[in-house]
Each structure stands twice: as C-alpha cells, then as structure tokens.
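S.K.: Take this sequence and fold it.
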Amino acid sequence: MLENDSGFLKRTLSIGFLIPFTLGILIYGPPLTTLLVGALLVGFSYEWLKMGHIQTKIEKGLFYGVLLGSEVVFLKWGLKESLAFLLGLSAFSYYILRNYGMKKVKREKNAEGKSGAPLLQRLTHDGWIFWGLLYIGVPCLSFLWIFELEQGCHIILWMLFIIWASDIGAYLIGSWLKGPKIAPTISPKKTWSGFLGGVCAGESVGILSGNFFGFDFKGVLGVSLGVVLCAVFGDLLESYLKRRKKVKDSGNIIPGHGGLFDRLDSTLAALPFITLILWLTKGDFFK
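M.R.: Predicted coordinates for the structure are as follows:
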C-alpha cells in the first residue's frame, strides 16, 4: 500500500500534465524554449527571494536583472560569456549589497554597541542572494547551451526521462518497503530502499531511452547513474535549504509538488553535470 494515495494521485496528475507540456515545448524548440527559460528564471527568482525573505527593491532588481541579463548575453555571445557575466555580476552584487548592509548594520546597532548578531544575519542574507544567482543561473544557461547542440533536444529529453523515472521509482519503492532513512534530519521521508528503487528505475529508463536515441551504450550506463545521483543530491539540497528557511514548500504553483524548486530541484543539479560531461568530451559523448 502507498503511504498516501491522495498525494500519489496529485503527483501523478501533475506529471501527466507536465510531461506533454514539456515535450511539446522541447519538440517545437525556439523561441518557445527561450521563453520557457525566461519564465523559469522569473519563477525561480520569485521563489528564492520569497524563501530568503528578500524584500528591498534594490535586492530584487539586482537578482532579476542579473539572471535575465545572463540569458540575453548567452543568446548574443554564448555559454562562456554568459557564465562570466553571471559570476562577475553575482560577485559584484554581493560586494555592493554587503557594503550597503554593513553600513546599515552599523547605523542600527544597539545602544551597547554590539552588532555581531545583526552583522552575521546580514552576511547570511547577502550570501543567499549570491548563491541563489548561481544556483538558478548556471543550470538555466546549461539548458540553453545543451539545446543548441546537434542532439541537444534528445539529450534534454533523455535526462528528463531518467529524472522522472527515478522520482517515481523512489516514491513507489520507498513508500512500499520503507526502511532506514538517508538523511532523517534533512528529508525524513527519503529512504535507502527508495534510493535504490530510483537508481534501478532511472538506469533502466536511461538505457532504454538512450538506445532509442542512438546514444553510446557504455556512456549511457555511466552517465545515467550520474544523473540519478545528481537528482538525489539536488533533492536533498533543496530539502536542506527549505528546512534552513523553515518553509514546507518553495511555492504552490504545482499541485502535489509545491513550487518550481520542489519539482525541478533534481533537474537543476543534473543540467550542470550533463554540461560538464559534454564539455569534457567535446560534445561527442552521446554519439
């Protein structure tokens, strides 16, 4: 028996909508894929700023501006330039906000002259903005770059099939067998049985779909496992961030899944991994 039949039904219905929607956009290609990434950048930014309790206009403006600007730079010049833009502007934004924040802390320090706690909070606050820009920006730029490759659409679809299969396999097997937890303080529901179920499901679908797309079998075998492991890491990382910020879901846009981060955390972790593999093999890995 499943642990929560209604929850499983919601997840299934959501995936039933997301799969054809995503497939339609990927198959159609630009400009829909470009618009999709732009929409995701805005959606991710909204959820990240909300989770981090970022409220000032200058902080929000910098965050949206850097991410959307990096997409424009990619469309004009390419991946290396857009990543340099993203990293440079992220560091510059952190520097500006840190100096602005430290001056504010000094002005607002208490009568005893102790500003340690507010200063630490300020640095954590600014760090949330800096790392958020990279956490969101790098995967989105990776997606755009992969999609421009000769087999880019197939690679993206292959990766998504693995992630979806791994997610469903982990949920079903984990709910059925239960057992020891992977990281009970971070994600109490994730079990080792679910992890193994996800690995088996992801590997199986990766091999089958890789064969369908004509990818090299040996490469698919190893990279499929890498995608599954990245997916698990991305899931645990997002769970850790939510617990740190004391929120249950990053948003409520997707029934049964919460927000964009709740649904796409695994994809955010897998995209840079695929990009790195393709870069190291000069794009020939899947041929």
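S.K.: mind listing the strands in the stretch 51-200 of the chain by residue range?
M.R.: 181-183, 187-191 (DSSP state E, counting those that start in this stretch).
S.K.: just these: most buried one?
M.R.: The highest mean neighbour count among the strands of the stretch 51-200 of the chain, using mean count of other C-beta atoms under 10 Å, belongs to strand 187-191: a mean of 17. C-beta coordinates here come from the backbone N, C-alpha and C atoms, glycine included.
S.K.: quick one on the thing from earlier: closest one to Gly69 among the strands of the stretch 51-200 of the chain?
M.R.: strand 187-191 (33.8 Å; C-beta to C-beta).
S.K.: For the strands of the stretch 51-200 of the chain, give me TSV that also has distance to Phe212 and mean pLDDT.
M.R.: Formatted as TSV, those follow (distance: least, C-beta to C-beta, whole Å; pLDDT from 0 to 100):
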stretch	distance to Phe212	mean pLDDT
strand 181-183	31	89
strand 187-191	30	87
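S.K.: Now tabulate those in a markdown table and tack on distance to Leu237.
M.R.: As requested, these are exported to a markdown table (distance: least, C-beta to C-beta, whole Å):
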| stretch | distance to Leu237 |
| --- | --- |
| strand 181-183 | 11 |
| strand 187-191 | 10 |
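S.K.: So which of those is nearest Phe147?
M.R.: So among the strands of the stretch 51-200 of the chain, strand 187-191 is nearest, using C-beta to C-beta, at 30.5 Å.
S.K.: which residues make contact with that closest one from outside it?
M.R.: Ala170, Gly174, Leu177, Lys178, Gly179, Pro180, Lys181, Ile182, Ala183, Asp235, Leu236, Ser239 (C-beta atoms under 8 Å, 6 or more residues apart in numbering).
S.K.: How far does it sit from its chain's centre?
M.R.: How far strand 187-191 lies from its chain's middle: 19 Å, per C-alpha atoms, centre = their mean, to the nearest Å.
S.K.: in stretch 204-220, what counts as buried?
M.R.: Val205, Gly206, Ile207, Ser209, Gly210, Phe213, Phe215, Gly219, Val220 (16 or more other C-beta atoms under 10 Å).
S.K.: Show me what the helix or strand Leu225 falls within is packed up against.
M.R.: Assessed by DSSP states H and E, Leu225 sits inside helix 217-245. Judged by 3 or more C-beta pairs under 8 Å, 6 or more residues apart in numbering; DSSP states H and E, helix 217-245 is in contact with helix 32-51, helix 152-177, strand 181-183, strand 187-191, helix 192-213, helix 260-280.
S.K.: May I see those organised as JSON lines, with distance to Val73 added?
M.R.: JSON lines is the format used below for the helices and strands packed on helix 217-245 (distance: least, C-beta to C-beta, whole Å):
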{"stretch": "helix 32-51", "distance to Val73": "13"}
{"stretch": "helix 152-177", "distance to Val73": "19"}
{"stretch": "strand 181-183", "distance to Val73": "37"}
{"stretch": "strand 187-191", "distance to Val73": "35"}
{"stretch": "helix 192-213", "distance to Val73": "30"}
{"stretch": "helix 260-280", "distance to Val73": "16"}
